[in-house]
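S.K.: sequence and predicted structure, then a few things I'm wondering about:
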Amino acid sequence: MNLMRPVTMDEKEATREALDYYAALLEQAKLREAEAREHRISIEERIVELMGCELEGSRSETTPRFKVRTTSKFDRKVDQTKVSHVKRLVGEETFNKIFRTKYEVDVKALRSLRDESQRKYAMVTNVITTTPSKTSVVVESVH
């Protein structure tokens, strides 16, 4: 079998028609995929409306057929230009409890600082941007 043989005009046309057919199928599949994603997200939003969610953490409800869990969290980013100043203000020991080497927030330590020292907590949170992330929804079959 010669794999390097010239391609005939009929074969080129057949290839173009096949590519056209599969390109159209791909466009249709992507459209259905986007619609399905939008539909899934609207269902998740409705579930959150019905059962609520914790400000940060998870909540579960069990129905006759499913166990449904919502989980909410916050994404926290550190302002790299301000963080070294806060280190001097709150002291290295406190700073090292709150911030990891990459200046990522240790949420447990941040909450602990909030309870221990409002003044230091206010200084530390000055360099942290907190935004809610999407609440996840998990549905598991009960049976």
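M.R.: Received the coordinates, thanks. Remember, it's a predicted structure, so these values are computed and weren't measured experimentally.

S.K.: mind showing which ranges of this structure have poor pLDDT?
M.R.: Low-confidence segments of the chain, defined by pLDDT under 70: 1-4, 7.

S.K.: which helix in it has the most residues?
M.R.: Identified as the longest helix of the chain according to DSSP state H is helix 9-51.

S.K.: starting at the chain centroid, how far to it?
M.R.: 23 Å (C-alpha atoms, centre = their mean, to the nearest Å).

S.K.: and if you look at stretch 62-69?
M.R.: 23 Å.

S.K.: which residues sit against it?
M.R.: Applying C-beta atoms under 8 Å, 6 or more residues apart in numbering, the contact partners of stretch 62-69 are 47, 51, 58-61, 137-143. Every C-beta, even on glycine, is put in place using the N, C-alpha and C of the backbone.

S.K.: and which of those is nearest Glu116?
M.R.: Closest approach between the contacts of stretch 62-69 and Glu116, by C-beta to C-beta: Ser58, at 26.0 Å.

S.K.: number of residues surrounding that closest one?
M.R.: Neighbours of Ser58 under the rule other C-beta atoms under 10 Å: 14.
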